[in-house]
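Asks: Pasting a predicted model and its sequence here:
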Amino acid sequence: MLREPVTSVVSPETGGMSGNTGRYEKRLSDLAGLYEDAAAHQALVEKLADPVVYDVEDFRPGNHSGDLIYGVTRMNPGRVGREFFLTRGHIHAKADRPEIYYGQKGHGLMQLESPDGETRIVEIGPQTICYVPPFWIHRSINVGDEDLVMVFAYPSDSGQDYGIIEASNGMRHRVVAKDGGGWALIDNPAYKPRRPETVVALMKQYA
Ligand SMILES: O=P(O)(O)OC[C@H]1O[C@H](O)[C@H](O)[C@@H](O)[C@@H]1O
Ligand SMILES: [Fe+2]
């Protein structure tokens, strides 16, 4: 069926987008288990009365392969202990599907992890396009002191698999605030590397 063209106007200030077909919010309590300091997380949920920490507005034309979902994510600035506010993170359920992010406002990082445990950190500011290649687990982190707003687009049949991060007890590295400003990468001591067979099986589906 022939589709009609669509335009969306993005507001870098509010992180909203016209023409969206959906919207969802994540509250701080939805992110339990992601941060190294679970007590600091719980204390902050109570202190701030469980605020929205990121929201997503998107346009979804449908699920058939070859189509595209696009939208905008807005993330609050903030920290849990020494870690910055972040998204849950995922690999695409169809793991060979890529994604594009386009910075609109604020200062963020994309933390990427390959199936065999390599980490890459990409800085995203306004006007920066970040290409997330197939097979990389990805999570956004707001390392600035204002909202981080990014436009994204990915194949509409990608899906999100959140279990891969849970299964390894988090990503291999954590991004933490340095004393006096900036950020640093540290090891996540709880990290369980994926077994070589798991990595091969994940990539073989698309060989
Ligand atoms: O799904 P999360 O890992 O919580 O990330 C939040 C959102 O970030 C980006 O906007 C992605 O393109 C969305 O697909 C994702 O849902
Ligand atoms: Fe994604």
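Replies: Alright, I've got the coordinates. Numbering: from 1, shown residues only. Ligands and ions are numbered 1, 2, ... in the order given.

Asks: Close to ligand 1: what parts of this protein are there?
Replies: Within the chain, the positions near ligand 1 by CB under 6 Å from any ligand atom are 56, 73, 87-90, 99, 152, 154, 160. Using the backbone N, CA and C atoms, a C-beta is placed for each residue, glycine as well.

Asks: Closest one of those residues to Glu25?
Replies: Val56 (7.9 Å; CB to CB).

Asks: secondary structure element for that closest one?
Replies: strand 52-59 (DSSP states H and E).

Asks: which parts of that strand are buried?
Replies: 53-59 (16 or more other CB atoms under 10 Å).

Asks: sorry, back to before: can you convert the residues of the chain next to ligand 1 into TSV and add a column each for pLDDT and secondary structure?
Replies: Listed next are the residues of the chain next to ligand 1 as TSV, based on pLDDT from 0 to 100; DSSP: H, G, I helix; E, B strand; the rest coil:
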residue	pLDDT	secondary structure
Val56	98	strand
Thr73	98	strand
Thr87	98	coil
Arg88	98	coil
Gly89	98	coil
His90	98	strand
Glu99	98	strand
Phe152	98	strand
Tyr154	98	strand
Gln160	97	strand
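
Asks: Give the full set of residues in contact with the nearest residue to Asp55 once chain neighbours are set aside.
Replies: What sits nearest to Asp55 in space, not counting adjacent residues and going by CB to CB, 6 or more residues apart in numbering, is Glu25, at 4.5 Å. Applying CB atoms under 8 Å, 6 or more residues apart in numbering to Glu25 gives the contacts 52, 54-56.

Asks: Glu25 belongs to a helix?
Replies: No. Applying DSSP: H, G, I helix; E, B strand; the rest coil, one finds Glu25 to be strand, outside a helix.

Asks: Against Val53, how distant is it?
Replies: 9 Å (CB to CB, to the nearest Å).

Asks: Equivalent analysis for Arg97, please.
Replies: 26 Å.

Asks: Then Gly16?
Replies: Taken as CB to CB, the span from Gly16 to Val53 is 16 Å.

Asks: For beta bridges, what are the partners of the spatially most central residue of the chain?
Replies: Geometric centre of the chain, nearest residue: Arg139, 3.2 Å, by CA atoms, centre = their mean. Here Arg139 sits in beta bridges with Gln111, going by DSSP bridges.
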